[in-house]
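Visitor: I need the structure of the sequence given here:
(one chain, ligands or ions: 1)
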Amino acid sequence: MNKINILDLDFEGLKSFLNSLKISQIHAKSIYYNIYKNNSLDFNINSNITNDKKNKDNNKLRNLMSKNDIEILKQNSNIGNLVENKSQVSKDGTIKKIFKTYDNQFIESVIIPHTKDKYTFCISSQIGCAMSCKFCVTGLHGLKRNLTAGEIIEQVLLLSKIVKPTAIVFMGQGEPINNYKNVKISIMNLKDHHGFNFSAKKITVSTSGLIPGLIKLQKETGIKMAYSLNATNQNDRTRIMDVNKIIDFESGLSLLKSYLTELNKNSKRNKLMIEYVMFDGFNDNDSNLEKLIAIAKDLKYVFINLIPYNEHEFAYADFELKKSEKCSYFFKKLMDNDIQAFIRYEHGSDIYAACGMLKHKLVN
Ligand code: SF4
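Guide: Sure, this is the predicted structure:
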């Protein structure tokens, strides 16, 4: 029998699994606690919990597992299976980890530091990617496979051993909506109050353009949405993003407009992040700016994340992609028009951890 990765299971799934092994379901809570609150990816469940002096729930978790039950659990399961292959620290403090999977593939996860004690975890959802965005190294060699829910969660748990996240973004390798089921399970597990207890409002899922799936995921989990727009009309977007042939430019924006209006009926706090990678001479002229302003005003509940393009030799558009110097100009004009905007500082470009550069040096 293949071993079960406990990180693939939600709390109810874990209870059923214990049941199938004839281990009392009462231990699900301590196993979950050990993994997600103690951040222990081992089977020293009893000693980890009893030694945890900070654990206010200690008394509630007094039902220690018998040696026999732990042995049965060990024989039938593992807690995670990623192995750290490489760790790099950028000049700006960004940390990139490369993990090896059970089938000898590699994935990357990044810790992005902000102001004091604030850290965003950027995690991967697939090995490679099928979307072939022309500016992205990850898309260059296609999709190898989806990550399991456990592999997605384990990235967060392993990075959490270094610092605690204040935000988690699904912006690493892969198109998260193409791995819908496992991405959803991972988000639900990270939210679960029995375990990691991380607010969905601090989790952002970015799509290249699979908008119906993104909206469905938001409805089902409460995450924040991000849309990688990168152009201001159908033709330009199709030149750099094949996904535009599946859902065209205007239809995508129209779906988002309807949903954002519905979502913000009461709270007005559910804004979409529009990511706009800026390329010299392609999407950075004044008419692009005007169209971007018009799009933002039309969608209303958005903010714009301007991203300086990280030049690399693996881009494969039908024209040369070059970094734009107009991010600050766009930023000012957007703000002048009362549109919230940010420039995404180029974190970790010296270690190929920045946007569009993941999987660099792993591709060949
Ligand atoms: S930008 Fe995102 S969706 Fe596009 S190829 Fe890269 S990883 Fe895939």
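
Visitor: use CA for all of it now, contacts and neighbours both
Guide: Noted.

Visitor: Can you say which helix or strand has residue 86 in it?
Guide: strand 83-89 (DSSP states H and E).

Visitor: Counting by contacts, list what that strand packs against.
Guide: Judged by 3 or more CA pairs under 8 Å, 6 or more residues apart in numbering; DSSP states H and E, strand 83-89 is in contact with strand 95-100.

Visitor: what sits up against whichever helix or strand comes after the strand it packs on?
Guide: Using DSSP H and E, the helix or strand that follows strand 95-100 towards the C-terminus is strand 106-113. With contact meaning CA atoms under 8 Å, 6 or more residues apart in numbering, strand 106-113 is reached by 93-101, 119-124, 127, 155, 159, 172-173, 347, 353, 358-359, 362.

Visitor: Need the buried ones from those selected in PyMOL.
Guide: To isolate the buried subset of the contacts of strand 106-113 in PyMOL, counting by 16 or more other CA atoms under 10 Å, use the following:
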select buried, resi 94+95+96+97+98+99+100+101+119+120+121+122+123+124+127+155+159+172+173+347+353+358+359
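
Visitor: Please list which of the contacts of strand 106-113 are also close to the ligand.
Guide: residue 173 (CA under 6 Å from any ligand atom).

Visitor: Partner strands of the strand holding residue 86 and their direction?
Guide: strand 95-100 (antiparallel) (DSSP bridges).

Visitor: avg pLDDT for the partner strand?
Guide: Across strand 95-100, pLDDT averages out at 96.

Visitor: now it against strand 106-113, angle please.
Guide: With axes from the mean of the first three to the mean of the last three CA atoms, to 10 degrees applied, the angle from strand 95-100 to strand 106-113 works out at 160 degrees.

Visitor: List of residues touching strand 95-100?
Guide: 82-89, 106-112, 348, 351, 353.

Visitor: send the alpha carbons of that strand over as PDB?
Guide: C-alpha atoms of strand 95-100 as PDB (Å, rounded to 0.1, in the frame of the first residue of the first chain):
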ATOM      1  CA  ILE A  95      15.300  34.000   0.400                       C
ATOM      2  CA  LYS A  96      14.700  31.400  -2.300                       C
ATOM      3  CA  LYS A  97      14.400  27.800  -1.500                       C
ATOM      4  CA  ILE A  98      14.600  25.000  -4.000                       C
ATOM      5  CA  PHE A  99      12.900  21.800  -2.900                       C
ATOM      6  CA  LYS A 100      13.200  18.400  -4.500                       C
END
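
Visitor: And residue 130, its phi and psi?
Guide: For residue 130, the backbone dihedrals are phi -90, psi 0 (criterion: degrees, to the nearest 10).

Visitor: Contacts only, for it.
Guide: Contacts of residue 130 by CA under 8 Å, 6+ apart are 139, 142, 143, 174, 175.

Visitor: and the residues you listed as CSV, adding distance to residue 166, secondary structure and neighbour count?
Guide: What follows is the contacts of residue 130, written out as CSV (distance: CA to CA, whole Å; DSSP: H, G, I helix; E, B strand; the rest coil; neighbours: other CA atoms under 10 Å):
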residue, distance to residue 166, secondary structure, neighbour count
139, 28, helix, 24
142, 31, coil, 15
143, 30, strand, 18
174, 22, coil, 31
175, 22, coil, 27
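
Visitor: Between which two of those residues is the distance greatest?
Guide: 142 and 175 (11.3 Å; CA to CA).

Visitor: Quickly list what's touching both of those two.
Guide: Joint contacts of residue 142 and residue 175 (CA under 8 Å, 6+ apart) are 129, 130, 131.

Visitor: and the gap between the last one and the ligand?
Guide: Right, residue 131. Relative to the ligand, residue 131 is positioned 5 Å away (criterion: CA to the nearest ligand atom, to the nearest Å).

Visitor: that's a strand at that residue, yeah?
Guide: No: counting by DSSP: H, G, I helix; E, B strand; the rest coil, one finds residue 131 to be coil, located in no strand.

Visitor: and residue 44, how many residues sit next to it?
Guide: Residue neighbour count, defined by other CA atoms under 10 Å, stands at 12 for residue 44.

Visitor: For it, grab phi and psi.
Guide: phi -80, psi 50.

Visitor: Report the separation between it and residue 157.
Guide: To residue 157, residue 44 is 17 Å away according to CA to CA, to the nearest Å.

Visitor: Residue 274 now?
Guide: Distance from residue 274 to residue 157, by CA to CA: 28 Å.

Visitor: which one of those two has more residues nearby?
Guide: residue 157 (24 against 21).

Visitor: That one contacts residue 39, correct?
Guide: Yes: using CA atoms under 8 Å as the test, residue 157 is close enough to residue 39 to be in contact (6.4 Å).

Visitor: Mind telling me which residue of the stretch 201-350 of the chain is nearest the ligand?
Guide: residue 208 (4.9 Å; CA to the nearest ligand atom).

Visitor: Chain neighbours aside, what residue packs nearest to residue 230?
Guide: residue 276 (4.3 Å; CA to CA, 6 or more residues apart in numbering).
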